[in-house]
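Colleague: sequence and predicted structure are below.
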Amino acid sequence: MNKVILVGRLTRDPEMKNTNSGKTVTRFSLAVDRRFKNKDGQKEADFINIVVWGKQAEFASQYLSKGSQISLSGRLQVSSYDGQDGQRRYVTEVVADEITFLSSKKDGGNSANTQHQSNSEPMSVMGLDEDFHLMADDDDCPF
């Protein structure tokens, strides 16, 4: 099974393009806080590349902007290409199939689920704490 669920904030405005075959694709990066603090007591984040296709790509481009807080579900995809220097390059990204708009940067995180776009049933936000972090028991931590 290949299922990814993320909650985070956009690090830049979405970039929408059309492929040569006419399909709409939007790309952006999502900053997702790690659950644990580093040795200096600071929170760290992972910056994850997101790809959205079709109607959802249009939704993302129109309604999301840098700083927007969203939840999304999708699948992890790894692809490769040969760089100009002849070296094989690998790209890992999440292909989103469901996006829930949680808040904008202007809201300060106060509104929840103001926009929702999905090809499936709405994603539940159960299992998230008040800061929209996924909750898990410390026993579930792999390290």
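Modeller: Okay, I see it.
Colleague: okay, strands next: where are they in this protein?
Modeller: Per DSSP state E, the chain carries strands over the ranges 4-10, 15-18, 24-37, 43-53, 69-82, 88-103, 115-118.
Colleague: what pairs with the fifth one, parallel or antiparallel?
Modeller: Same thing as strand 69-82. Neighbouring strands of strand 69-82 in its sheet, by DSSP bridges, are strand 4-10 (antiparallel), strand 88-103 (antiparallel).
Colleague: and the angle from the longest one to strand 43-53?
Modeller: Strand 88-103 and strand 43-53 meet at an angle of 100 degrees, taking axes from the mean of the first three to the mean of the last three CA atoms, to 10 degrees as the criterion.
Colleague: strand 88-103 vs strand 24-37, what angle?
Modeller: Going by the same axes, to 10 degrees, strand 88-103 makes 80 degrees with strand 24-37.
Colleague: hang on, isn't residue 91 packed against residue 81?
Modeller: Yes. Contact status for residue 91 versus residue 81: in contact at 7.4 Å, counting by CB atoms under 8 Å. For glycine as for every other residue, the C-beta is placed from the backbone atoms N, C-alpha and C.
Colleague: hang on, the earlier thing: deepest-packed of the strands paired with strand 69-82, please.
Modeller: Ranked by average neighbour count under the criterion mean count of other CB atoms under 10 Å, the strands paired with strand 69-82 are headed by strand 4-10 at a mean of 19.
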